[in-house]
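A.B. asks: Need a 3D model of the following:
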Amino acid sequence: MKKVHRIINFIAWGLLVAVLVHLCFKWQSMPEITGVHFDSSGNFDVYASKKYIAYPFIVGIVFMILLHFGDMAAKKVRIGVKMSAKGEGILRDLIRILLDMNKLFISTFAVYWVELVIYQHKMCETVGVTGMLLLFVMFLTVCISVPILKLLYPVIEN
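C.D. replies: A predicted model of the protein is given here:
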């Protein structure tokens, strides 16, 4: 499982770095005042200095760091669910995968946002909604798995 987490983290951070490099190449050709924020229908509603394109990076990095702390906690903190060590290990892995998928979503959304600003394209409303729906389904899956894991891996009394 460690390898999967490393790969997902590498991809999530790699996406942010790749779009930052792309932005550096496009920076000179971008207008000084550009659309930087979208309204609910996907159109630009805020026009400002192109320096504000740093916003998706900052938000992405802050959330990725917070999710990293959540991952560290998921590895070490007692979960508090009565089940065997094997069941608790499976639950920890599920929680960590959920956190990893959040990292992928955040980095992908930040990349999408930056690319739209670079090329001044309208945002498709369904992109964010679809990603959030998938994360919600994964969250529900983790929640539903708790009682199932408790049944499959009960605490063995000595």
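
A.B. asks: And the strands in this structure?
C.D. replies: 33-38, 44-49 (DSSP state E).

A.B. asks: closest one to residue 80 among these?
C.D. replies: The closest of the strands of the chain to residue 80 is strand 33-38. By CB to CB, the value is 40.3 Å. C-beta here means a position set from N, CA and C on the backbone, and glycine is covered the same way.

A.B. asks: what's the distance between that closest one and the middle of its chain?
C.D. replies: The chain centroid and the centroid of strand 33-38 are separated by 23 Å, computed with CA atoms, centre = their mean, to the nearest Å.

A.B. asks: Please apply the same query to stretch 96-105.
C.D. replies: That offset, for stretch 96-105, works out to 5 Å (CA atoms, centre = their mean).

A.B. asks: go on, stretch 129-142?
C.D. replies: With CA atoms, centre = their mean, you get 11 Å for stretch 129-142.

A.B. asks: go on, stretch 42-52?
C.D. replies: 23 Å.

A.B. asks: Most tightly packed of the strands of the chain?
C.D. replies: strand 33-38 (a mean of 17; mean count of other CB atoms under 10 Å).

A.B. asks: That one packs against which elements?
C.D. replies: Where contact means 3 or more CB pairs under 8 Å, 6 or more residues apart in numbering; DSSP states H and E, strand 33-38 is packed against strand 44-49, helix 85-119.

A.B. asks: would you turn those into TSV with mean pLDDT and distance to residue 28?
C.D. replies: Below are those laid out as TSV (pLDDT from 0 to 100; distance: least, CB to CB, whole Å):
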stretch	mean pLDDT	distance to residue 28
strand 44-49	95	15
helix 85-119	93	12
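
A.B. asks: Out of the ones you listed, which is the most enclosed?
C.D. replies: helix 85-119 (a mean of 19).

A.B. asks: how about the strands of the chain in a markdown table, adding distance to residue 147?
C.D. replies: As requested, the strands of the chain are exported to a markdown table (distance: least, CB to CB, whole Å):
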| stretch | distance to residue 147 |
| --- | --- |
| strand 33-38 | 40 |
| strand 44-49 | 44 |
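
A.B. asks: and residue 21, which of the ones you listed is closest to it?
C.D. replies: strand 33-38 (19.0 Å).

A.B. asks: now the closest one against helix 85-119, angle please.
C.D. replies: 150 degrees (axes from the mean of the first three to the mean of the last three CA atoms, to 10 degrees).
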